[in-house]
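Engineer: Only the shape, not the letters, is given here:
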């Protein structure tokens, strides 16, 4: 088998229960992909988005749902080595990418306060705009189950808010556009296992903050998300189901038990 055939075959066989079925569950439960959709599958070059691209390709082939997909790579300022690795991996896995460029890294490299937040917002804006230009009505991002859990804890421990990550989001700035997260039920550890099983090598974030984590030697550096990952790992020693409990909690929030909660910007009080 070619590397592409091996990767696809493993999704449908060895990793069927951990990747393919959770992907199908998210798409079905949250109604993420519909007839006549035009998806912009956003590829950063990392393991998550490359797996997402393969899952979307397989879904298009096997689901019976008629939809279009473009595989969109935004280059925010990658160095030539990382740019080539993305292109080489796309060719290896037979993902027909469309590449466009931006100057996001140049801008965020000059920012010291919340650069990751700014980078994420700018990336999303560029992706929405390019997707709309290409006639798409949805952008698909590679956020997974573990991202959902970590984001929830980050908001609680560092943002003083109980705020989760939605599987589907209607854009307020780009009319008629939606953001979907088809990996919503897929665990990061299983993505890593699939990557390693197929001997694949993807890029990391490739910005100066990722490099800072690598230099720190503790896998954390200045990253609060890496700190949360380490915390969850510790919690799982005593409670292996801690992630599933958090995931269940954001699906069963009892608004009546909160002293105050927000909905559509407006704050409501229960006292």
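Structural biologist: Nice, I can see it. Keep in mind that what you see is a predicted model, and the values were worked out from it rather than measured.
Engineer: Just give the closest residue to residue 164, not the sequence neighbours.
Structural biologist: Nearest-residue entry for residue 164: residue 250, 4.1 Å, with adjacent residues in sequence omitted and distances by CB to CB, 6 or more residues apart in numbering. C-beta: built from backbone N, CA, C; applies to glycine.
Engineer: SS state for residue 39?
Structural biologist: The three-state assignment at residue 39 reads strand, by DSSP: H, G, I helix; E, B strand; the rest coil.
Engineer: burial measure for it, as a count.
Structural biologist: Other residues lying near residue 39 total 25 when counted by other CB atoms under 10 Å.
Engineer: go on, residue 233?
Structural biologist: 10.
Engineer: most residues in a single strand of this structure, which one?
Structural biologist: Longest strand in the chain, counting residues (DSSP state E): strand 68-75.
Engineer: contacts for it?
Structural biologist: When contacts are defined by CB atoms under 8 Å, 6 or more residues apart in numbering, strand 68-75 is touched by residues 37-45, 53, 56-57, 60, 83, 86, 90, 95-102, 123, 126-127, 130-131, 134, 136, 139.
Engineer: distance between the helix or strand that comes right after it and the chain's centre?
Structural biologist: With elements assigned by DSSP states H and E, the helix or strand that comes after strand 68-75 is helix 80-92. Offset of helix 80-92 from its chain centre (CA atoms, centre = their mean, to the nearest Å): 19 Å.
Engineer: From the rest of the structure, what touches helix 80-92?
Structural biologist: 3-4, 43, 45, 50, 53, 71, 73, 75, 78, 95-97, 99, 200-203, 206.
Engineer: let's see 10 Å
Structural biologist: 2-4, 7, 43-47, 49-50, 53, 71, 73, 75, 77-79, 95-97, 99, 101, 198, 200-206 (CB atoms under 10 Å, 6 or more residues apart in numbering).
Engineer: before we move on, what SS does the residue minimising distance to the centre of the chain have?
Structural biologist: When CA atoms, centre = their mean is applied to the chain, the residue found nearest the centroid is residue 143 (1.8 Å). Following three-state DSSP, residue 143 is assigned to coil.
Engineer: Look up the closest residue to it, ignoring the ones flanking it.
Structural biologist: In space, and not counting its chain neighbours, residue 143 is closest to residue 181: 4.7 Å by CB to CB, 6+ apart.
Engineer: quick one, phi psi at the one you found?
Structural biologist: Dihedral pair for residue 181: phi -130, psi 80, per degrees, to the nearest 10.
Engineer: show me the contacts for it.
Structural biologist: Applying CB under 10 Å, 6+ apart, the residues contacting residue 181 are 26, 30, 32, 52, 140-145, 147-148, 165-169.
Engineer: For the stretch 101-250 of the chain, give me the ranges with low pLDDT.
Structural biologist: 108-116, 205-222 (pLDDT under 70).
Engineer: residue ranges for the strands of this protein, please.
Structural biologist: Going by DSSP E, the chain shows strands at 38-43, 68-75, 97-101, 138-140, 168-170, 178-180, 260-263, 266-269.
Engineer: Quick one: the ones you listed as CSV, columns for distance to residue 243 too.
Structural biologist: CSV is the format used below for those (distance: least, CB to CB, whole Å):
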stretch, distance to residue 243
strand 38-43, 25
strand 68-75, 29
strand 97-101, 32
strand 138-140, 23
strand 168-170, 21
strand 178-180, 21
strand 260-263, 24
strand 266-269, 29
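Engineer: nearest spatial neighbour of residue 6, skipping sequence neighbours?
Structural biologist: Closest to residue 6 by CB to CB, 6+ apart is residue 198, at 5.9 Å.
Engineer: And for the one you found, the neighbour number?
Structural biologist: 20.
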